[in-house]
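A.B. asks: Show me the folded form of this:
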Amino acid sequence: QVQLVESGGGSVQAGGSQRLSCAASGGTFSRYAMGWFRQAPGKEREFVAGVSRSGSSTAYSDSVKGRFTISRDSAKNTVYLQMNSLKPEDTAVYYCAADSGSVYPRRLPKVYDYWGQGTQVTVSS
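C.D. replies: Predicted structure coming up:
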């Protein structure tokens, strides 16, 4: 059983930056591709970014490509989401998730085995 705990959320002004962290415990970190998802009020949960088990391959949604960067630190069992040039439409609860079924990051929420509790990111204009 893997436990995921996100941190780093909060309020920021448009154009600013924020870094989210997701600490994993209870499993072998290198066995999971990792993803970040977000969910805004009244909307479905959507894929934001993903990183492969080794960290060598990443994927991004079109809406964040070029502004967000995902990375992982195997020594710390932690995955990060660096968010730059934030926009009000980035406001959402952000979740990290672990996928044991693929080496590379996948975009569908339903394939992920474990989820964190989420952290709120609010971007004001």
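
A.B. asks: Show me the strands in this structure, by range?
C.D. replies: Taking DSSP state E, the strands of the chain run over residues 3-7, 10-13, 18-25, 33-39, 46-51, 58-60, 68-73, 78-83, 92-99, 114-115, 119-124.

A.B. asks: do you know how far the residue nearest the centre of the chain is from G55?
C.D. replies: The centroid of the chain falls nearest to W36 when counting by Cα atoms, centre = their mean (2.1 Å). Here W36 is placed at a distance of 14 Å from G55 (Cβ to Cβ, to the nearest Å). All C-beta atoms are positioned from the backbone trio N, CA, C, and that covers glycine.

A.B. asks: Quick check: the residue nearest to the centre of the chain touching C96?
C.D. replies: Yes: W36 lies in contact with C96 (Cβ atoms under 8 Å); the separation is 5.5 Å.
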